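A.B. asks: My questions are about this predicted structure, shown below with the sequence.
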Amino acid sequence: MQSANPVLTRLDDTRRVERQVLGVPAAEAMTVDDVVVRTVGLLLLTGVTAAISWIVVPQAVWLPAALAGTSLAGLALVLVISLKQITNPGLIAAYAVLQGLLLGVASRAFDLVYPGIVVQAVVGTFGVFLGMGLLYRARLVRATPRLARLVVGTVIGIVALSLVNLVTYLLTGRQGLEVYSVTTRVGWLPYAFSVVAIIAGAFSFILDFDLVERSVRAGLPRRYAWFCAFGLLVGLIFLYWQILRLLSYLRR
């Protein structure tokens with residue numbers, strides 16, 4: 001069963017190859033604790049970078065272009081790391097720093113208009129993540145093939161439509177499914193799109209947890225704990241953006 005996360009999707013194939021060909025010794029296999037420690041480390045790196053960029057980077061006329069460039073660079077890194085299945089901590093840390101820069105500057109712009117919204121979005125993001133973790137741990141929600149197909153299809157559609165919307169905005173200034181301005185009036189369609197994205201992002205964690213757990217049982221090498229942590233970071237950042245955007249819609 002594949003994950004809805006574009007990074008972790010390819011981990012199933014790797015898991016089969018490593019198990020059949022390499023025969024990784026148990027002492028060198030990754031554990032759930034390895035994934036947790038690396039995920040926390042990447043989150044701290046992202047958070048510290050975001051805090052620094054919040055304070056240091058000034059609001060300026062060139063900022064929207066810089067944010068667009070940073071966002072596209074982050075997307076490029078996601079594609080490179082996921083397609084190449086890179087487990088290099090340095091490159092993965094570079095992604096965390098890049099996203100921290102983007103999160104800090106953009107979040108400050110939102111918070112200047114809607115005070116307190118960033119704290120609400122952070123609490124909401126980790127609340128959803130921990131809630132889905134508890135549901136998975138208690139086996140109240142299971143990673144079934146039907147759930148996987150539904151979530152994977154939805155996430156792919158959301159990412160594709162978001163890219164089209166972003167390109168359209170950069171070329172024409174028109175905003176449709178997602179509204180990038182912090183003050184523009186919002187119709188019902190962006191609301192619906194954000195809600196669907198948040199639900200899909202939440203349920204994608206169920207598939208991620210299941211895939212990590214099965215990869216640990218299969219005995220993947222410890223270096224893949226970095227890859228798993230990177231995938232979870234990508235999912236958390238995606239969820240944060242969706243919650244932040246929805247909260248800004250509600251406060252207009």
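C.D. replies: Cool, got the structure.
A.B. asks: just so I have it, where are all the helices in the stretch 101-250 of the chain?
C.D. replies: Applying DSSP state H, counting those that start in this stretch to the stretch 101-250 of the chain gives helices spanning 117-137, 145-172, 188-218, 224-250.
A.B. asks: Can you tell me how far residue 207 is from residue 29?
C.D. replies: Using Cβ to Cβ, to the nearest Å, residue 207 is found at 22 Å from residue 29. Every residue, glycine included, has its C-beta placed from N, CA and C.
A.B. asks: who has more neighbours, those two?
C.D. replies: residue 207 (25 against 19; other Cβ atoms under 10 Å).
A.B. asks: So that one is in contact with residue 145, correct?
C.D. replies: No: using Cβ atoms under 8 Å, residue 207 makes no contact with residue 145, being 10.5 Å away.
A.B. asks: if I look at residue 148, how far off is residue 36?
C.D. replies: 23 Å.
A.B. asks: just residue 58 next, same as before
C.D. replies: For residue 58, the distance to residue 36 (Cβ to Cβ) stands at 36 Å.
A.B. asks: who's more crowded, these two?
C.D. replies: The residue with more neighbours, out of residue 58 and residue 36, is residue 36; 15 against 6, by other Cβ under 10 Å.
A.B. asks: What helix or strand is the more buried one located in?
C.D. replies: Using DSSP states H and E, residue 36 maps to helix 32-56.
A.B. asks: If you count neighbours, what's buried in that helix?
C.D. replies: Neighbour-count burial for helix 32-56 flags 34-35, 38-39, 41-43, 45-46, 49-50, 53-54 (criterion: 16 or more other Cβ atoms under 10 Å).
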